[in-house]
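# Here is the input, now give the coordinates:
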Amino acid sequence: MARLHFDLARGLGERAPGGGVAAGFCELPLDWSPAEFRIKLATLPWEREAAHALRRAVFCAEQRVFEHDDRDAIDEHAELIVATACLAGEPQQVVGTVRIHRAAPRHWWGSRLAVAADWRRHGRLGATLIRLAVTTANARGCDEFLAHVQAQNEPLFRRLGWTTLGRETLHGREHCRMRADLAVYPPHPAPEAGFVLRPGAGR
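As a prediction, the model looks like this:
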């Protein structure tokens, strides 16, 4: 079984094709607050490039879990989910990402969850990325959804309906092997549209 980890983390940034900002450092004022965030399956090349840039910033530059790049064979068939900050209804910046993949029939994993540091004050971004990850897999026929979660994030996942199955060390860090309660995450009929998250609104 592939060993993955599901981390809340920060990111650095670069300019995305077409004018969007890939991740992290944004040229908009620091006190700018988007009207909404869109959490959806990545469908455009710049969204995928921005998600990978954010992951490199998090897992290589910041956390130093990997030396140069965090991509692996799973990325060849995984689905990417992104959270974008929107201005006037248009996505401007990728501020979070996660990937999901089917490891066996009806058996799915989530990994590489990252939220850019400048946007962590919007505390529901990570939770909403997790929500779309599991509801998307559930719509694909998932019977079990698992993740390796860094130990410090275990309380968050437990609040979101996850159960701890065991503990182990991955990449020199303590992780919890956790399982999502699929009853909490009903299948999403259109993950390409995903969820709209408005600052200050409830879950």
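
# which residues sit in contact with residue 181?
161, 162, 163 (C-beta atoms under 8 Å, 6 or more residues apart in numbering). Every C-beta, even on glycine, is put in place using the N, C-alpha and C of the backbone.

# Buried ones among the residues you listed?
161, 162 (16 or more other C-beta atoms under 10 Å).

# so what's the residue nearest to the spatial centre of the chain bridging to?
Central residue of the chain (C-alpha atoms, centre = their mean): residue 98, 2.6 Å from the mean position. Beta-bridge partners of residue 98, counted by DSSP bridges, are residue 81.

# Which helix or strand contains residue 38?
strand 36-41 (DSSP states H and E).

# Can you name every helix or strand that the helix ranked longest in the chain contacts?
Using DSSP state H, we find that the single longest helix of the chain is helix 124-139. Here helix 124-139 touches strand 36-41, strand 79-87, strand 90-104, strand 107-115, strand 144-150, helix 154-159, strand 195-197, going by 3 or more C-beta pairs under 8 Å, 6 or more residues apart in numbering; DSSP states H and E.

# how about residue 178, secondary structure?
What DSSP: H, G, I helix; E, B strand; the rest coil gives for residue 178 is strand.

# Please report how far it lies from residue 196.
27 Å (C-beta to C-beta, to the nearest Å).

# quick one, which of these two is more surrounded?
Taking neighbours as other C-beta atoms under 10 Å, residue 178 and residue 196 compare with residue 178 leading, 22 against 14.
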